[in-house]
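# Next one to model:
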Amino acid sequence: MVRETGLIEAHRSCIELAHSDTSHQIIGEFYRVYNTLGSGLTESVYQRALVIALGMRGLRLAREVPMTVMFERQVVGEYRADLVVENVILVETKAVERLVRQHDAQVLNYLRISRLRVGLLFNFGPTAQFRRLISPVSAPTPEANSEQSV
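Numbering: from 1, shown residues only. Here you go, the predicted structure:
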């Protein structure tokens, strides 16, 4: 029993550290964009600025990444993630008063659908906020499918 617990804790630790270097670079650029532009602009302005900042760091990224939700081999929904960085980190941006649980749920669903493990949620609101979310599942459900391999 102790051995199993140790393995679970080791696995959890590996997940929490997944892509931490890239995450820290992205978070640093989030704060650089926020500190330069301040609050009060539209989400799309911050997204474009973040794309420029991440590109200047040499990070590979895709914008407006399409994701399709399947059920019984039928399309039942389509979403677009704001950014996917280095094919491993999903980035969702907001420009709202404050982040709420619904925003977390959105990112966790995008992670599940996209098969990615790490998501960053940024808020360019009156106070800069970010959350680093880890997908709670290691494999997607058969109903979930991503249009683009990320």
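# Only the C-alpha atoms, please, for stretch 78-85, written as CSV.
Extracted as CSV, the C-alpha positions of stretch 78-85 are listed here (Å, rounded to 0.1, in the frame of the first residue of the first chain):
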residue,chain,number,x,y,z
GLU,A,78,-16.7,22.8,-32.4
TYR,A,79,-14.4,25.1,-30.4
ARG,A,80,-11.3,27.1,-30.9
ALA,A,81,-8.5,27.3,-28.4
ASP,A,82,-6.8,30.7,-28.3
LEU,A,83,-3.2,29.4,-28.6
VAL,A,84,-1.3,26.2,-28.4
VAL,A,85,2.4,26.7,-27.6
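# gap between that stretch and the chain center?
Offset of stretch 78-85 from its chain centre (CA atoms, centre = their mean, to the nearest Å): 8 Å.
# any idea of the mean pLDDT in stretch 135-150?
What stretch 135-150 shows for mean pLDDT is 47.
# Ignore what I typed, I meant stretch 25-43.
For stretch 25-43, mean pLDDT is 97.
# contacting residues around that stretch?
Residues outside stretch 25-43 that contact it (CB atoms under 8 Å, 6 or more residues apart in numbering): 45-46, 49-50, 53-54, 57, 59, 85, 89, 91, 93-95, 120, 122, 124-128, 130, 132. Glycine gets a C-beta too; all of them are placed from N, C-alpha and C.
# For my notes, confirm A62 occurs in a strand.
Yes. Assessed with DSSP: H, G, I helix; E, B strand; the rest coil, A62 lies in a strand.
# Stretch 68-78: how far from the chain's middle?
Taking CA atoms, centre = their mean, one finds stretch 68-78 lying 21 Å from the centre of the chain it belongs to.
# sorry, back to before: please flag which of the contacts of stretch 25-43 sit within helices.
Residues of these located in helices (DSSP state H): V45, Y46, A49, L50, A53, L54.
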